Each structure stands twice: as structure tokens, then as C-alpha cells.
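Chemist: No letters, just coordinates:
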């Protein structure tokens, strides 16, 4: 059976959202470009993107509901069903997984009594696995409403969700203080975070992420990356090509050069055109 038309927002809610939408659309030379933040806006109203929200976006931008739905269903950041006040995402991509992410996710499922993308009965926590939290330097990583909780263990992750459900004060490892998922969605729509001190608390990248930059600058460990345009100090040993040399023939492209260890002085025949 075809779905009935999406129900309308109450008049006062629609008027408020229309005022916010007008502000969002005005940021873009092409109104269609405002669709992503508009989806965050309607998500901030109900905690997920409803059919009513998608119809609203379509009306504001003169799009079809099919065009809006195609975008809303493509990105995992837009929820399609009611979810918790706190979205707890456990990275289970390769590095986090081997560092303990898989164990954290499994223990949280058992501890909370929910599966992937499911919400606890009290409506507080929605648990999901995430392919990458873009914080590999601090693996394993858990995110709550897109704020980082680094270097987690099963025990610390269970304490985290217990504190969230109990309404306790929870502080990210770095970044702004936590707010609810609806509040986060409004910030992602492009509206300022008006909580006192929240913006100042955002901070910068963590020390593990900046270590490579410090090494490249020669701070404390000697320079390991040469400034662009300067000559390297260490020369590659004769007969041993570096990654900067011209491509070398291998057994895959030249049967006369079989794979395997180089014996005798055969390495001396390697071209050094890149030196």
C-alpha cells in the first residue's frame, strides 16, 4: 500500500523551522546546497529525520521528496528511526578493532542489552559500530554525539554508558562538553553553540596526532623530514635504489629479472637515474 502523505508539523514548530531554514538557505548561492544542514535542522527537532522533516526540506528547497530521501538515506549521520539522547559509536575498523574495539563493542552490547543501532529502553543510549572515527592515534576510540573518548577499554566504556544513563557529568577526552544528540544536530546545522565556554573548550588535535609534525620540525628528536626544496643530508647507498628513483624492472614486468634475493654484486647493475 502506498504511504499516506507525511503529517504536517504543528503551526508553531513549522514557523520556527521556516525562520531557521531561511537563515540556512541564505548562506548558499544555490539553495539546493542547503539540503545537508537542513536535514540536521529537522533532525534536531525530533531526534531523527522523519517523513515530515524530509517533506519540509523538499518544500523549502523546491525539491521532490525522492531527491531529499536519496540524500537522507545515503549518510549514516542522519537517523531514520527514533534514537537515544546519546549516540555511542564504537570504532570497529582495523586498527581500533585489533586494539580492543571489537571487545568493547561486544561487551557494550551485552551490558546494555541492545544490538547494533538499537536504543536502550530508557531512551538514553543508542549503540552502533562505526567503520572509522578518524582518530587512529588514540585507538580504540569511542565517540558520543561525535565527541572523542580516546584509549578506551571494555571497563571504561561500560562506565561511560552507565554515567550517561545515570545523568552524571561526562567529559570527552578532548573537544567540547557533551550535549544531547538533538543539540548536536542543531550545531551541525550551522547554528552557534551558545553554551558558556563550549567553543573555547573545543581545543586542537591531541599530542599523539601532532607527534609526526613535531618530528618533521626537528623538535627534540632531530629532523626526519627535509624542508621542501632542500637537499637530503643522507645519500642512498650506491646500488640500492630508493622510492625516489625511477621505477625498477621487476619479475612482474620483466621475466629476465626474477624475484628473490639479490646475490653477488648484481645490485650494482641497478640504474641510479634518480640520484
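Modeler: Cool, got the structure. None of the values given here were measured: they were computed from a predicted structure.
Chemist: from here on, contacts and neighbour counts on C-alpha atoms
Modeler: Fine.
Chemist: Tell me, how many residues neighbour residue 81?
Modeler: Residue neighbour count, defined by other CA atoms under 10 Å, stands at 12 for residue 81.
Chemist: go on, residue 14?
Modeler: Using other CA under 10 Å, residue 14 is surrounded by 14 other residues.
Chemist: This protein: strands as residue ranges?
Modeler: Counting by DSSP state E, the chain has these strands, from start to end: 86-91, 118-119, 125-130, 142-144, 147-149.
Chemist: Dump these to TSV, plus mean neighbour count, mean pLDDT and distance to residue 17.
Modeler: Putting the strands of the chain into TSV (neighbours: other CA atoms under 10 Å; pLDDT from 0 to 100; distance: least, CA to CA, whole Å) gives the following:
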stretch	mean neighbour count	mean pLDDT	distance to residue 17
strand 86-91	26	94	23
strand 118-119	22	94	27
strand 125-130	22	94	26
strand 142-144	25	94	26
strand 147-149	23	90	26
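Chemist: Make TSV out of those strands and add distance to residue 41.
Modeler: Formatted as TSV, the strands of the chain follow (distance: least, CA to CA, whole Å):
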stretch	distance to residue 41
strand 86-91	17
strand 118-119	22
strand 125-130	20
strand 142-144	19
strand 147-149	19
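Chemist: what bits of the stretch 101-250 of the chain have low per-residue confidence?
Modeler: Along the stretch 101-250 of the chain, segments meeting pLDDT under 70 span 200-204, 220-250.
Chemist: And the helices in it, which stretches?
Modeler: With helices called from DSSP state H, counting those that start in this stretch, the stretch 101-250 of the chain shows them at 102-112, 154-166, 181-188, 207-216.
Chemist: Mean neighbour count, those: which tops it?
Modeler: Among these, ranked by average contacts under mean count of other CA atoms under 10 Å, first place goes to helix 181-188 (a mean of 21).
Chemist: ok, residues contacting that one?
Modeler: For helix 181-188, contacts defined as CA atoms under 8 Å, 6 or more residues apart in numbering pick out 37, 40-41, 43-47, 84-87, 145, 193.
Chemist: hmm, 7 Å instead?
Modeler: Here helix 181-188 makes contact (CA atoms under 7 Å, 6 or more residues apart in numbering) with 37, 40, 41, 43, 44, 45, 47, 85, 86, 87, 145, 193.
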